[in-house]
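# Just to be clear, the model below is a prediction. Sequence and coordinates:
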Amino acid sequence: MQKQSLFAIALIIGIAAALPVSAQVYKWKDEQGRTIISDKPRPGGSEEDLVAPARDSSVQATTPGKSLAEQELEFRQRQQQR
């Protein structure tokens, strides 16, 4: 019973620690014209190289102010335009 409790606690801690993980992604071209994608900015680079800023887990993924039905309608309209 004690092993099960320790396992459950370790599992919960592991899941809780993994949830807020996110990273910034930088993209640029080097002197030879190769595209570089990295989690670190280029030396002497700027924030303009930033492709994907770190996610804030408190931010909602949906567009505020639009209902799910409105978002679905816009999605279907975009699909028909293709």
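On my side now, so go ahead.
# quick one: residue 43 is in a helix?
No. Counting by DSSP: H, G, I helix; E, B strand; the rest coil, residue 43 is not part of a helix but coil.
# Can you tell me how far it is from residue 36?
Note on residue 43: its distance to residue 36, by Cβ to Cβ, to the nearest Å, is 11 Å. Any C-beta I mention is one placed from the backbone N, CA and C, and that applies to glycine too.
# If you count surrounding residues, which of those two has more?
Shown here are residue 43 and residue 36; by other Cβ atoms under 10 Å, residue 36 has more neighbours (12 against 5).
# how about the more buried one, secondary structure?
strand.
# That one: what's it in contact with?
26-30, 42 (Cβ atoms under 8 Å, 6 or more residues apart in numbering).
# Could you rerun that using 7 Å?
27-28, 30, 42 (Cβ atoms under 7 Å, 6 or more residues apart in numbering).
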